[in-house]
Every structure is written in C-alpha cells, then in structure tokens.
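J.: Here is my input; please provide its structure:
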Amino acid sequence: MELKEQFSLEEYKAAQESAQHHDKGAWNRFYLLGGGMLILFGFLVKENEIQFIIKFALAIFGLIISFILIFIHDSYAKLIAHKYKVCKDIERDIKKVSVKGNHNGLRPTYFKNYFMILMICFILLWGIYLFSLIIYDYNSFIN
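T.: Got it, this is the predicted structure:
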C-alpha cells in the first residue's frame, strides 16, 4: 500500500470516528436538555403555589431551550454531514473494496425529520402552556 493510500485510510478513520463522536454528542445533549425540559414542564404543571411571574419566566426559558436545541442539532448535523462527506470523498479516491460504499445509504434527513417533529411538539407544548398561563393565571396575578 502506498503512502498516499495509507494517509487517506488514516484520514478516513479519523473522519469516521469524529462524525460518530459528534453524532453521539448531539443526541446526548438532546437527551439531557429534552429531559430537563420535561422535568421543568412537569414541575410547572404540578405546582400550584408558584407565582405567575415565575411560571411565565420558566415557560419562556423552556421555549428558548427548545429553539437552542434546534440550533445545536442543526449545527451538529452540518458538522456530521461534512465529516461523512470527507469519508465519501476518500472512498471515491482510493476505491478500496474494504471501505467502498459505506456511506452511500446514509439518510441524515431521516433522523432530522423525527427530531424536528419532536421539537415542534416541545414548542407547541410550551406555547400552549404559556397561552393557558396568560389566559387563566394572569387575572389572579393582577388582582
């Protein structure tokens, strides 16, 4: 194996591992922040003794976290797509049977669609909560 091919295989391996690392990191952040949002939402719904302004601020915070999650996921998706593009370019350049075609069947938009549906549900959940908070609790706040 010539030196260029060996370097390409090392670059391929590094890009592959980096993409997998970033993919795992993106989903770990989603699980932590998404789980935190659900806990926060459950706390807000369960507790009746919390003042209106605190409920309102926490609901706005949950909505902001939802949009931050979308931004983080989109950033990671672009980074991961770039890493896999490097792998595809190397596959095309070295034309080795051992690595050829490993990334041809990837559909990154498949999981992104599920993620966006889930985030829209989170945003709707926070929006409905804010709306109901304003409609029902605001009167008690001003009295």
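J.: going forward, measure contacts and count neighbours with C-alpha atoms only.
T.: Noted.
J.: residue ranges of the helices in the chain, please?
T.: Ranges of helices in the chain, per DSSP state H, are 3-46, 52-94, 108-132, 138-142.
J.: Now stretch 56-67: buried residues?
T.: Neighbour counts over stretch 56-67 (16 or more other CA atoms under 10 Å) mark F56, L58, A59, I60, G62, L63, I65, S66 as buried.
J.: and the second one, how far is that from N113?
T.: It refers to L58. Distance, L58 to N113, by CA to CA, to the nearest Å: 27 Å.
J.: most packed of the helices of the chain?
T.: helix 52-94 (a mean of 17; mean count of other CA atoms under 10 Å).
J.: tell me which strands and helices that helix is in contact with?
T.: Judged by 3 or more CA pairs under 8 Å, 6 or more residues apart in numbering; DSSP states H and E, the packing partners of helix 52-94 are helix 3-46, helix 108-132.
J.: which among the buried residues of stretch 56-67 gets closest to Y129?
T.: Checking the buried residues of stretch 56-67 against Y129 with CA to CA, the nearest one is A59 at 7.4 Å.
J.: Quick check: that closest one touching W126?
T.: Yes. Using CA atoms under 8 Å, A59 is in contact with W126, at 6.3 Å.
J.: ok so, going back, any chance of the helices of the chain in JSON lines with mean pLDDT as columns?
T.: Output for the helices of the chain, formatted as JSON lines (pLDDT from 0 to 100):
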{"stretch": "helix 3-46", "mean pLDDT": "80"}
{"stretch": "helix 52-94", "mean pLDDT": "84"}
{"stretch": "helix 108-132", "mean pLDDT": "82"}
{"stretch": "helix 138-142", "mean pLDDT": "66"}
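J.: about what we covered before: would you convert the helices and strands packed on helix 52-94 into CSV that also reports distance to I70?
T.: Listed next are these as CSV, based on distance: least, CA to CA, whole Å:
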stretch, distance to I70
helix 3-46, 9
helix 108-132, 7
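J.: wait, which of the ones you listed is closest to D74?
T.: Using CA to CA, the helices and strands packed on helix 52-94 put helix 108-132 closest to D74, at 8.4 Å.
J.: what angle sits between the closest one and helix 3-46?
T.: Relative orientation of helix 108-132 and helix 3-46, computed by axes from the mean of the first three to the mean of the last three CA atoms, to 10 degrees: 20 degrees.
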